[in-house]
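Engineer: Kindly generate the corresponding structure for this input.
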Amino acid sequence: MSGSPVEIQGLFEFDSDNGRVLVDVLRGRDPDPRIVTPEVALQLGLVHEVVDDAPARALELAQEIACLPPMSVGNAKRALYLGSDTNLQGAFEIENMNWTEVMQSDDAKVALGAIIATDPDKRRDFFESANSQNYPSYSGH
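Structural biologist: As a prediction, the model looks like this:
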């Protein structure tokens, strides 16, 4: 079943689509990354998208992320990095600590104020806008 989580002896999980690389490594085979085409890299989960102009797309993503609350971005990264190296309960605790810190921040107050000030009929547009200029300025505190 393509894309479904597969558990191997209870030790780790991966998608069956990108798990082939892991299986090759575990079997002592070298999945030589120098010969993987962009399309195969996408299929294996080594990249999340294939684009014609990678530097331009990277800049686009960086600009989009830069408009988001810095504390939220930083804490999300921290939770992902720390949570990936622990058990499920530990990961939930790490996520909860980071979420609580963000929700008590000045940035959360600014974001919630901006959402409340937005016409309820246009709130979906606020979040789904391709132009992230809708977002308020954040202090990072």
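Engineer: Check the nearest residue to A41 once chain neighbours are set aside and give its pLDDT.
Structural biologist: Closest residue in space to A41, ignoring its immediate chain neighbours: V47 at 4.8 Å, by CB to CB, 6 or more residues apart in numbering. C-beta coordinates here come from the backbone N, C-alpha and C atoms, glycine included. With respect to pLDDT, V47 scores 84.
Engineer: distance of V47 from K109?
Structural biologist: 37 Å (CB to CB, to the nearest Å).
Engineer: which of the two has more neighbours?
Structural biologist: Neighbour totals were compared for V47 and K109, and V47 leads with 15 against 11 (other CB atoms under 10 Å).
Engineer: Distance check, that one against D53.
Structural biologist: 14 Å.
Engineer: cool, Q104 as well?
Structural biologist: 40 Å.
Engineer: residue ranges for the helices of the chain, please.
Structural biologist: Here the chain has its helices, by DSSP state H, at 19-26, 38-44, 54-66, 70-83, 88-103, 106-117, 123-128.
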